[in-house]
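Student: build me a model:
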Amino acid sequence: MTKSKATKLAQDAIKFVAVDDPEPVADTTVLYKNQDGTFTVCDNGEEVECKNADVAIRIIVENLTA
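Tutor: Presented below is the predicted three-dimensional model:
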């Protein structure tokens with residue numbers, strides 16, 4: 001996947017994700033919004049806690065373009 005396509009998918013996921021309503025980003029990547037306003041990116045069972053949307057987008061892009 002290209003970096004620009006991955007970035008678009010990640011940005012769209014950030015717009016739609018809500019607490020208790022995770023947003024699928026790709027086949028194995030899911031974005032969660034935590035009650036404290038942070039995010040969690042899960043990819044193939046591996047979780048990364050993200051302090052803000054920018055970090056979550058970066059992690060998603062890294063996962064989708066690796």
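Student: can you give me the helices for this structure?
Tutor: Remark: helices assigned in the chain by DSSP state H are 3-16, 53-65.
Student: tell me which of the ones you listed lies nearest to residue 35.
Tutor: Taking Cβ to Cβ, helix 53-65 is the member of those nearest to residue 35, at 15.2 Å. Any C-beta I mention is one placed from the backbone N, CA and C, and that applies to glycine too.
Student: the closest one: how far from the chain's middle?
Tutor: How far helix 53-65 lies from its chain's middle: 6 Å, per Cα atoms, centre = their mean, to the nearest Å.
Student: from the helices of the chain, which stretch is densest packed?
Tutor: With neighbours defined as mean count of other Cβ atoms under 10 Å, the helices of the chain peak in mean count at helix 53-65, which reaches a mean of 19.
Student: helices and strands around that one, which ones?
Tutor: Here helix 53-65 touches helix 3-16, strand 23-26, strand 29-33, strand 39-43, strand 46-50, going by 3 or more Cβ pairs under 8 Å, 6 or more residues apart in numbering; DSSP states H and E.
Student: what does the second one contact?
Tutor: Read that as strand 23-26. 1, 9-10, 13, 16-17, 30-32, 60, 64 (Cβ atoms under 8 Å, 6 or more residues apart in numbering).
Student: can you show me the CA trace of stretch 33-52 as CSV?
Tutor: Provided in CSV are the C-alpha atoms of stretch 33-52 (Å, rounded to 0.1, in the frame of the first residue of the first chain):
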residue,chain,number,x,y,z
LYS,A,33,-10.5,5.5,21.0
ASN,A,34,-10.0,5.3,24.8
GLN,A,35,-12.1,7.1,27.3
ASP,A,36,-9.2,9.3,28.3
GLY,A,37,-8.9,10.6,24.7
THR,A,38,-5.9,8.5,23.8
PHE,A,39,-6.0,5.9,21.0
THR,A,40,-4.9,2.3,20.6
VAL,A,41,-3.8,0.8,17.3
CYS,A,42,-4.1,-3.0,17.1
ASP,A,43,-2.4,-4.8,14.2
ASN,A,44,-2.2,-8.6,14.1
GLY,A,45,-2.9,-8.8,17.9
GLU,A,46,-0.2,-6.3,18.7
GLU,A,47,-1.3,-3.2,20.5
VAL,A,48,0.3,0.3,20.5
GLU,A,49,-1.0,3.0,22.9
CYS,A,50,-1.0,6.4,21.3
LYS,A,51,-1.2,9.7,23.2
ASN,A,52,-2.9,11.6,20.4
